[in-house]
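[1] What follows is a protein structure lacking sequence information:
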């Protein structure tokens, strides 16, 4: 059967196959989002090559489901959601060999020396050290621009749980940055 | 609005604003100071996230033989550790730590609707026959690299927390007391069930009931 639907939105495919105007348009749209998707995936996965795999797979999934994208203005949020789910799938099914995070961060010391802004370097490391349950909603909010309610839907959590996780994420970062941590709100609310 | 609530709102979204919050900030200097600090931190977080992070995982082909040898050694150590540390103890500790991280779960009193329960079960490979009017909290939580249903069931003697652990296998039931909680982990057809209480709920009875109410689907993925 003739393959009238290109299997990938990436430019390598669009260069190979003749595309209709709408296909070319959506290819261009997806490609324009790639840097944002890659950065988001990289912060989630904390690994460049893994992030590239995630983004590639996500774009493939997005291309196959492109008919469900009715509003191109919503493409960024839609693609970020696909990337998050792809990362979660990969995280669930694949056991990657890890090097200790401290070791990996220490190996970046020359970069720190070259970084004119040491505070940001510290903060990047602190974000890297956040557990995934705190890092994920923070990235969805800050990089993705998702509202608390949208994050709650995406992560299958209550809005209160998302607020608590976002609070705790930033509270941990406060500590890393030398600020006194705020009392844990949820814990104090739960106290008798 | 209390200071605690104000700080939760600020910490969750430093750039956010709501009339109630603004009113509180007009009257509370320390919360104003907290928001100023958090907004400064937020600006730095946004700047920090503009650049991708340093990779925590490294894959270098020249290191593969060493990595392989290290993996074998680690696997052997892991087997030894599993034997020495008695995994059910470790599992109980992690279950307690997880529940302690969601203290609000004990406070829920309203019934959870069937849709929220379905969402909590989504992807976990289980179905529940239990009637939703006994469940006051239902979340899908990240636990040991999997999403697991985290439920609070109301009983005549107080709430009991149930974690449905499809991917955690235990060979025998094990009671535990830790962190002000008592509970039991019981083997199940395709994983295990953890039931905890902070008060007088009968965890054995809840575990027995959940054994009947949980239906394990053939394939979780």
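    Structure's in. What do you need? No experiment lies behind these values; they were computed from the predicted model shown. Numbering: from 1, shown residues only, chains lettered A, B, ... in the order given.

[2] what residue ranges in chain B score low on pLDDT?
    B:54-65, B:81-89, B:131-132, B:219-221 (pLDDT under 70).

[3] and with 50 instead?
    B:56-61, B:87, B:220-221 (pLDDT under 50).

[4] need the strands for it, in chain order.
    In chain B, the strands defined using DSSP state E lie at B:126-128, B:135-143, B:146-155, B:158-165, B:174-178, B:181-188, B:191-197, B:214-216.

[5] In the fifth one, which residues are buried?
    Of the residues in strand B:174-178, B:174, B:176 count as buried by neighbour count, 16 or more other Cβ atoms under 10 Å in any protein chain shown. No exception for glycine: its C-beta is placed from N, CA and C like everyone else's.

[6] Walk me through which strands that strand pairs with, and which way each runs.
    strand B:181-188 (antiparallel) (DSSP bridges).

[7] where's residue A:126 relative to residue A:143, distance?
    16 Å (Cβ to Cβ, to the nearest Å).

[8] just residue A:130 next, same as before
    For residue A:130, the distance to residue A:143 - Cβ to Cβ - is 14 Å.

[9] May I see the strands of chain B organised as TSV, with distance to residue B:52 added?
    TSV is the format used below for the strands of chain B (distance: least, Cβ to Cβ, whole Å):
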stretch	distance to residue B:52
strand B:126-128	37
strand B:135-143	23
strand B:146-155	26
strand B:158-165	35
strand B:174-178	40
strand B:181-188	40
strand B:191-197	37
strand B:214-216	41
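
[10] Quick one: closest of those strands to residue B:5.
    Minimum separation from residue B:5 across those (Cβ to Cβ) falls at strand B:135-143, 19.9 Å.

[11] and the closest one with strand B:158-165, angle?
    Angle, strand B:135-143 to strand B:158-165, by axes from the mean of the first three to the mean of the last three Cα atoms, to 10 degrees: 30 degrees.

[12] for strand B:135-143, packing partners?
    helix B:87-100, helix B:114-121, strand B:146-155, strand B:158-165 (3 or more Cβ pairs under 8 Å, 6 or more residues apart in numbering or on different chains; DSSP states H and E).

[13] what's in contact with the last one?
    Residues external to strand B:158-165 that are found in contact with it (Cβ atoms under 8 Å, 6 or more residues apart in numbering or on different chains): B:91, B:95, B:98-99, B:105-106, B:121, B:124, B:126, B:136-137, B:141, B:143-144, B:148-153, B:183, B:185, B:188, B:191-203, B:206, B:210, B:214.

[14] In PyMOL, how would I select just the buried ones from those residues?
    The PyMOL selection below is limited to those of these classed as buried (16+ other Cβ under 10 Å):
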select buried, chain B and resi 91+95+98+99+105+106+121+124+126+136+137+141+143+148+149+150+151+152+153+183+185+188+191+192+193+194+195+196+197+198+201+202+203+206+210+214
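
[15] Helix or strand next in line after the helix-or-strand element of chain A with minimal mean pLDDT, which one?
    Between all helices and strands in chain A, the lowest mean by mean pLDDT, DSSP states H and E belongs to helix A:109-114, at a mean of 42. Note on helix A:109-114: by DSSP states H and E, the next helix or strand toward the C-terminus is helix A:118-129.

[16] pLDDT (mean, whole number) over that following helix?
    Across helix A:118-129, pLDDT averages out at 82.

[17] Could you check that helix and say which residues are buried?
    Within helix A:118-129, the residues that qualify as buried are A:120, A:121, A:122, A:123, A:124, A:125, A:126, A:127, A:128, A:129, counting by 16+ other Cβ under 10 Å.

[18] re the thing from before, mind checking the strands of chain B for the one nearest to residue A:43?
    Among those, strand B:135-143 sits nearest to residue A:43 (Cβ to Cβ), with 16.8 Å.

[19] quick one: contacts of that closest one?
    Taking Cβ under 8 Å, 6+ apart as the rule, strand B:135-143 contacts A:132-133, A:155-158, A:161, B:94-95, B:98, B:102, B:105, B:108-112, B:116-117, B:119-124, B:147-154, B:159, B:161, B:163, B:165.

[20] who are the neighbours in contact with residue A:75?
    Residue A:75 makes contact with A:29, A:30, A:33, A:69 under the criterion Cβ under 8 Å, 6+ apart.

[21] quick one: which of the residues you listed is most hemmed in?
    Neighbour counts for the contacts of residue A:75 peak at residue A:30, which has 23 neighbours (criterion: other Cβ atoms under 10 Å in any protein chain shown).

[22] Which of the three states applies to it?
    The local conformation at residue A:30, judged by DSSP: H, G, I helix; E, B strand; the rest coil, is helix.

[23] All the helices of chain A, residue numbers only.
    If DSSP state H is used as the criterion, the helices of chain A fall at A:11-16, A:21-45, A:48-64, A:75-93, A:101-106, A:109-114, A:118-129, A:132-142, A:148-155, A:159-176, A:185-190.

[24] Pick out the residue nearest the middle of chain A.
    Residue closest to the mean C-alpha point of chain A, counted by Cα atoms, centre = their mean, is residue A:40 at 3.3 Å.
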